[in-house]
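Colleague: please find the sequence and the predicted model below.
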Amino acid sequence: MMEHTVKAFDHDIGQLRGLIAQMGGLAEQAIARAMETLRRQDLEGAAEIVAGDKAIDALQIQVEALAVRIIALRAPMADDLREVVAALKIAGVVERIGDYAKNIAKRVPSIEWHSEVEPLSVLPAMATLAVNMVRDALDAFAARDAEGATRVAASDRALDDFYNSLFRILVTHMMENPKTIGQMAHVLFIAKNLERVGDHAVNVAEMVHFAATGAHMAERDRGHSPVQ
Amino acid sequence: MTLPNRSKIEAKGVSVFYGDNQAIRDVSLNIDQDRVTAFIGPSGCGKSTFLRTLNRMNDTIAGARVEGEIRLDGDDIYASGMDVVELRARVGMVFQKPNPFPKSIYENVAYGARIHGLARSREALDAVVEQALTRAGLWNEVKDRLKDSGTALSGGQQQRLCIARAIAVDPEVILMDEPCSALDPIATARIEELIHELRGRYAIAIVTHNMQQAARVSQVTAFFHMGQLVEHGDTAQLFTSPREERTKDYITGRYG
């Protein structure tokens, strides 16, 4: 893309994109690590993730300050304006993804991990799918890639299907093993959190699409399937 | 907000030459009755030249030649029977630098109305002056000193006086050529507010270098580049999602 006549403008936009990439990297890692601490029953690691969420929150504040500064000083137009607005909104969404990672980490002490237990056995694959969606959405932002964003939105259906089948497995498991209901309720919340992470990845993808093209993503690409 | 697209001026295939130099290339553009049209573009792009063709101000420049067709309510303004003085009363103009006559505030506004025979009596003329100054948002500031010289007013007041002067001859169209470029931000804001109030009563076209101003005051924006009309359409659309690469590069500050 051609440079701005005012070079400092390019520098500001570059800095904004850098902050989003950094935030996104931390949030994506937090989800993946929260799942890892659950599997390893690593309570210390889980506590670190809870504490580490503050770094994501701090980055969001930096993004907001920089975006407001760019709007005030540069009065961006067209794709620049869309990109700054998208960055502002994406920062808010990524911050929420960080909160879900924190929420998963907080539940680690309440769940005993047994990989042979069916609901637990499918959870890591679901988490991988959600994390990939977040990463792909942020990659699409970095590359201003509307098609990549559309693919992220389309993959949400698979995550929703995952959640729906896990929900059924969990209900069956709880009926058969009433003693585990306490733990499995936490697992259900984790699954729901992962499903929400996917929705937020779609939100990011929609903003990437708008920033890149100026048009909103077509409804059929957004892939909203009914979720229990 | 949807407004009917009633064209007040229709320009078709307009080209302007200064001697051998072609300043405007085949521009077709309508000026709506109810929507303010802003012309933007880099210096020398032809936006002011095009504006000046709309009331034949280019006639005063030696060697200037206009091709194509410009119609005001369907009448060809370059037709041989067109009275240019009458045309310029119907299509008024406000310039970059406020240029009041070195006469009283009252005379500045009354002059045009008097020579165009719009007021037969002193009372009628007083009424025209008061109405024009009121519409230009200047009446309350000057009503007690109408005999003071127009040049004694502040820059912003002088520009509103020039707008009052244009309004006094009961025009149908007001053309503004960078009307705020010599004004401070407060005076600029008052002119922008005035444009908003005058919209609908007069068809308005404005040339501006200030893109935020174009975005604020207009409903239609036309982007000129190297004598061509690159893109025109809904202002909100043009500033958020321009269709043409050249428009995007210009409005995002990537031009040149």
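Modeller: The structure has been received and is ready for your questions. Numbering: from 1, shown residues only, chains lettered A, B, ... in the order given.
Colleague: what's the pLDDT at A:Gly92?
Modeller: At A:Gly92, the model reports a pLDDT of 97.
Colleague: what about it, neighbour count?
Modeller: 13 (other CB atoms under 10 Å in any protein chain shown). No exception for glycine: its C-beta is placed from N, CA and C like everyone else's.
Colleague: can you get me a residue count around the closest residue to chain B within chain A?
Modeller: Relative to chain B, the nearest point of chain A is A:Gly214 (2.9 Å; CB to the nearest CB). Neighbour count of A:Gly214, defined by other CB under 10 Å: 18.
Colleague: quick one, grab the pLDDT at it.
Modeller: 91.
Colleague: with adjacent residues omitted, what lies nearest to it?
Modeller: Leaving aside its sequence neighbours, A:Gly214 sits nearest to B:Ser241 (CB to CB, 6 or more residues apart in numbering or on different chains; 2.9 Å).
Colleague: thought B:Arg216 was touching B:Ile191?
Modeller: No. Here B:Arg216 does not reach B:Ile191: they are 11.0 Å apart, not a contact under CB atoms under 8 Å.
Colleague: of these two, who's got more company?
Modeller: Applying other CB under 10 Å to B:Arg216 and B:Ile191 shows that B:Ile191 carries more neighbours, namely 23 against 16.
Colleague: check contacts around the more buried one.
Modeller: Shown in contact with B:Ile191 (CB atoms under 8 Å, 6 or more residues apart in numbering or on different chains): B:156, B:159-160, B:163, B:179-180, B:183.
Colleague: got the CA coordinates for stretch B:216-232 in CSV?
Modeller: This file holds the C-alpha atoms of stretch B:216-232, laid out as CSV (Å, rounded to 0.1, in the frame of the first residue of the first chain):
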residue,chain,number,x,y,z
ARG,B,216,-19.5,17.9,7.2
VAL,B,217,-21.4,20.3,4.9
SER,B,218,-22.3,18.3,1.8
GLN,B,219,-24.5,15.4,0.9
VAL,B,220,-22.9,14.8,-2.5
THR,B,221,-19.1,15.0,-3.1
ALA,B,222,-17.3,15.2,-6.4
PHE,B,223,-13.6,14.4,-6.6
PHE,B,224,-11.7,16.0,-9.4
HIS,B,225,-8.2,15.1,-10.5
MET,B,226,-6.2,16.5,-13.4
GLY,B,227,-9.3,18.0,-15.0
GLN,B,228,-11.4,14.8,-14.8
LEU,B,229,-14.3,14.0,-12.5
VAL,B,230,-12.9,10.8,-11.0
GLU,B,231,-15.8,9.9,-8.7
HIS,B,232,-18.9,11.5,-7.3
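Colleague: name the residues of that stretch that are buried.
Modeller: Across stretch B:216-232, burial judged by 16 or more other CB atoms under 10 Å in any protein chain shown covers B:216-225, B:227-232.
Colleague: take those residues and keep only those in strands.
Modeller: With strands taken from DSSP state E, the overlap with the buried residues of stretch B:216-232 comprises B:220-225, B:228-232.
Colleague: how about the strands in chain B?
Modeller: Taking DSSP E, the strands of chain B run over residues B:7-18, B:21-32, B:37-40, B:64-72, B:75-76, B:91-94, B:173-177, B:203-207, B:220-225, B:228-234.
Colleague: out of those strands, which comes closest to A:Phe141?
Modeller: Evaluated over the strands of chain B, closeness to A:Phe141 peaks at strand B:228-234, with 27.2 Å, by CB to CB.
Colleague: partners of the closest one, with directions?
Modeller: Taking DSSP bridges as the criterion, strand B:228-234 forms sheet pairs with strand B:220-225 (antiparallel).
Colleague: okay, angle between the partner strand and strand B:203-207 too, please.
Modeller: On the basis of axes from the mean of the first three to the mean of the last three CA atoms, to 10 degrees, strand B:220-225 is oriented at 30 degrees to strand B:203-207.
Colleague: which residues touch strand B:220-225?
Modeller: By CB under 8 Å, 6+ apart, the residues outside strand B:220-225 that reach it are B:27, B:29, B:32, B:35-42, B:45-47, B:50, B:214-215, B:229-235, B:238-239, B:242, B:244, B:246-247, B:250-251.
Colleague: how about 6 Å then?
Modeller: For strand B:220-225, contacts defined as CB atoms under 6 Å, 6 or more residues apart in numbering or on different chains pick out B:29, B:35, B:37-41, B:45-47, B:214, B:229-232, B:235, B:238, B:246-247.
Colleague: could you find the closest non-adjacent residue to residue 25?
Modeller: All of this refers to chain A. Computed as CB to CB, 6+ apart, the closest residue to A:Gly25 that is not its neighbour in sequence is A:Leu138, at 7.7 Å.
Colleague: hmm, I had chain B in mind actually
Modeller: Nearest residue to B:Arg25, sequence neighbours excluded (CB to CB, 6+ apart): B:Gly227, at 4.5 Å.
Colleague: hang on, the earlier thing: may I see the buried residues of the strand or helix carrying the residue nearest to A:Gly25?
Modeller: Using DSSP states H and E, A:Leu138 sits in helix A:118-143. For helix A:118-143, a neighbour-count test (16+ other CB under 10 Å) marks A:119-120, A:123, A:126-127, A:129-141 as buried.
Colleague: for the stretch 101-250 of chain B, what lies in contact range of chain A?
Modeller: In this structure, the stretch 101-250 of chain B approaches chain A at residues B:212, B:239, B:241-242, B:248, judged by CB under 6 Å from any CB of the partner chain.
Colleague: one more time with 7 Å
Modeller: Contact residues (CB under 7 Å from any CB of the partner chain) of the stretch 101-250 of chain B with chain A: B:211-212, B:239-242, B:248-249.
Colleague: number of residues surrounding the residue of the stretch 151-256 of chain B at minimum distance from chain A?
Modeller: Here the stretch 151-256 of chain B gets closest to chain A at one residue, B:Ser241, 2.9 Å apart by CB to the nearest CB. Residues near B:Ser241, counting by other CB under 10 Å, number 16.
Colleague: where's it relative to A:Val85, distance?
Modeller: Separation of B:Ser241 from A:Val85 (CB to CB, to the nearest Å) stands at 12 Å.
Colleague: before we move on, what about B:Glu193?
Modeller: Going from B:Glu193 to A:Val85 by CB to CB gives 27 Å.
Colleague: please identify which of those two sits among more neighbours.
Modeller: Using other CB under 10 Å, the more surrounded residue of B:Glu193 and A:Val85 is A:Val85, with 17 against 12.
Colleague: chain B contacts on chain A?
Modeller: Chain A comes close to chain B at residues A:2-6, A:9, A:75-82, A:214, as judged by CB under 7 Å from any CB.
Colleague: buried subset of those as a ChimeraX selection?
Modeller: Filtering the residues of chain A next to chain B down to the buried ones (16+ other CB under 10 Å) takes a single ChimeraX command:
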select /A:4,9,76,77,78,79,80,81,82,214
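Colleague: from the residues of chain A next to chain B, which has minimum pLDDT?
Modeller: A:Met2 (79).
Colleague: is it true that it touches B:Tyr255?
Modeller: No. Using CB atoms under 7 Å, A:Met2 makes no contact with B:Tyr255, being 9.0 Å away.
Colleague: list residues touching both of those two?
Modeller: The contact sets of A:Met2 and B:Tyr255 overlap at B:Asp249 (CB atoms under 7 Å, 6 or more residues apart in numbering or on different chains).
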